[in-house]
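**Student:** Okay, structure incoming, though there's no sequence with it:
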């Protein structure tokens, strides 16, 4: 299971967009089971109250954002990623307004979104603390974030024979957290509500303080 970066904080650090490997469309039964567990965790992490304004930072091909649009068809949903014309071609008809921007300089006012998501993003950005501070700035209620759970992620890559020379590290992953350390990181900016561990990820739901 491997994704690629969907947000950066420095124009000097080239970060690819989209997925290194399309885990969402995999036909492998084991990978499908893993993704089912991931989306079950996501459904549990989402707030019970209906958000009116949603931001997803790092939309990739738009699969998660499409699920949000189906769940809350009346919500205004903004999906954001780095400039990539090929990636943007995947966004048509998925029910959200796409923008190109950087997680370190979000083009929104304070307290603008009821729900903010960064799914498989923070492992890619050079300064995750600053990225979380920016997410906190634009959020007025709920946050959902997920990252690969280490060292399990790299071990899983090695088990399937991927990225051997890099000891299983997916290209573009520059930050590595276990579940507790990642929850502590999020807790510096938000009040953590729940921590889920769908193999091999960590998913944190939190609230603005």
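**Tutor:** Alright, I've got the coordinates. These numbers come from a predicted model, not from an experiment. Residues are numbered from 1 along each chain as shown.
**Student:** my guess is residue 77 meets residue 51, correct?
**Tutor:** No - with contact defined as C-beta atoms under 8 Å, residue 77 does not count as touching residue 51 (9.1 Å). Quick note: C-beta positions are derived from backbone N, CA and C, even for glycine.
**Student:** quick one, longest strand in the protein?
**Tutor:** strand 139-148 (DSSP state E).
**Student:** any low-confidence regions in the protein?
**Tutor:** Residues of the chain meeting the criterion pLDDT under 70: 1-27.
**Student:** Backbone dihedrals for residue 79, please?
**Tutor:** phi -110, psi 130 (degrees, to the nearest 10).
**Student:** what about the residue nearest to it when sequence neighbours are not counted, which SS state?
**Tutor:** In space, and not counting its chain neighbours, residue 79 is closest to residue 59: 3.7 Å by C-beta to C-beta, 6 or more residues apart in numbering. Following DSSP: H, G, I helix; E, B strand; the rest coil, the label given to residue 59 is coil.
**Student:** For residue 47, see how far away residue 59 is.
**Tutor:** In this structure, residue 59 lies at 19 Å from residue 47, with C-beta to C-beta, to the nearest Å as the measure.
**Student:** Now do the longest strand of the chain: which elements does it pack against?
**Tutor:** In this structure, strand 139-148 makes packing contacts with helix 29-45, strand 113-119, helix 128-138, helix 179-187, strand 201-207, judged by 3 or more C-beta pairs under 8 Å, 6 or more residues apart in numbering; DSSP states H and E.
**Student:** That one vs helix 29-45, what angle?
**Tutor:** If you take axes from the mean of the first three to the mean of the last three C-alpha atoms, to 10 degrees, strand 139-148 sits at 160 degrees to helix 29-45.
**Student:** What pairs with strand 139-148, parallel or antiparallel?
**Tutor:** Sheet pairing of strand 139-148 (DSSP bridges) gives strand 113-119 (parallel), strand 201-207 (antiparallel).
**Student:** which ones are touching residue 107?
**Tutor:** With contact taken as C-beta atoms under 8 Å, 6 or more residues apart in numbering, residue 107 is in contact with 99, 101.
**Student:** Could you measure from it over to residue 163?
**Tutor:** 34 Å.
**Student:** Tell me the residue in this structure that is farthest from the middle.
**Tutor:** residue 165 (25.8 Å; C-alpha atoms, centre = their mean).
**Student:** is it fair to say that one lies in a helix?
**Tutor:** Yes - secondary structure assignment places residue 165 in a helix (three-state DSSP).
**Student:** Roughly how far does it sit from residue 118?
**Tutor:** According to C-beta to C-beta, residue 165 stands 29 Å off from residue 118.
**Student:** Nearest the geometric middle of this structure, what residue?
**Tutor:** Short answer for the chain (C-alpha atoms, centre = their mean): residue 119, at 1.2 Å.
**Student:** Since that was my last question, I'll sign off now.
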